[in-house]
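Asks: my questions are about this predicted structure, shown below with the sequence.
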Amino acid sequence: MAIRWILLVLEDGIFREESVCYAIKLARRIDCSVSALMLVANIGRDPSNEGNEKLVLAKIISMIKAENINTRGLIRYGDKASEFLKHLADNPSFLTIVWGGEEKTFSGRNMKKTDAWFSKIKTNIRCPVIRPTVKDNSRIKLKRKEF
């Protein structure tokens, strides 16, 4: 039997903890693995920040593994929309996508047209996209490994 996956999407070395928590809980509930994808734009990017992006992804992978969930992680550099679609094409078996990137990118509100990359491609996505929000911060309880 093939492993089923949830895709956790992150951006530019930043993540929203509620999205990681949601991905973990969903993976437990539907018996899935979690694939974390960090998308990093090349334009305006500080090359000295590359180590930070890798540390953030490693932290997220550690958080997921600490909850005994199979996981993997990947960073893709370039045009976010293009890299995201390429990743989906390379890995067509995602059951759902959990949005852990910037809130404004997902909604496309108050952004320049060039920055709202997700809104341009959302019609090409064939699985549900979930954008978790926190109603009660006290409900987020994960085992953490400090770096």
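Replies: Thanks, I have it.
Asks: can you tell me the closest non-neighbouring residue to R76?
Replies: Spatial nearest neighbour of R76, excluding adjacent residues (C-beta to C-beta, 6 or more residues apart in numbering): E83 at 4.0 Å. All C-beta atoms are positioned from the backbone trio N, CA, C, and that covers glycine.
Asks: pLDDT at the one you found, what is it?
Replies: Looking at E83, its pLDDT stands at 93.
Asks: now swap in L88 and tell me
Replies: So, for L88, pLDDT stands at 89.
Asks: quick one on the thing from earlier: which strand or helix spans the residue nearest to R76?
Replies: Assigned by DSSP states H and E, E83 belongs to helix 80-90.
Asks: now this protein, which segments are flagged as low pLDDT?
Replies: When residues are selected by pLDDT under 70, those of the chain lie in 1-2, 44-50, 103-115, 134-147.
Asks: longest helix in the chain, by residue count?
Replies: In the chain, assigned by DSSP state H, the helix with the most residues is helix 50-66.
Asks: what's downstream of that helix, the next helix or strand?
Replies: Trace forward from helix 50-66 with DSSP H and E and the next one is strand 71-77.
Asks: list the strands paired with that following strand, with their directions.
Replies: strand 33-40 (parallel) (DSSP bridges).
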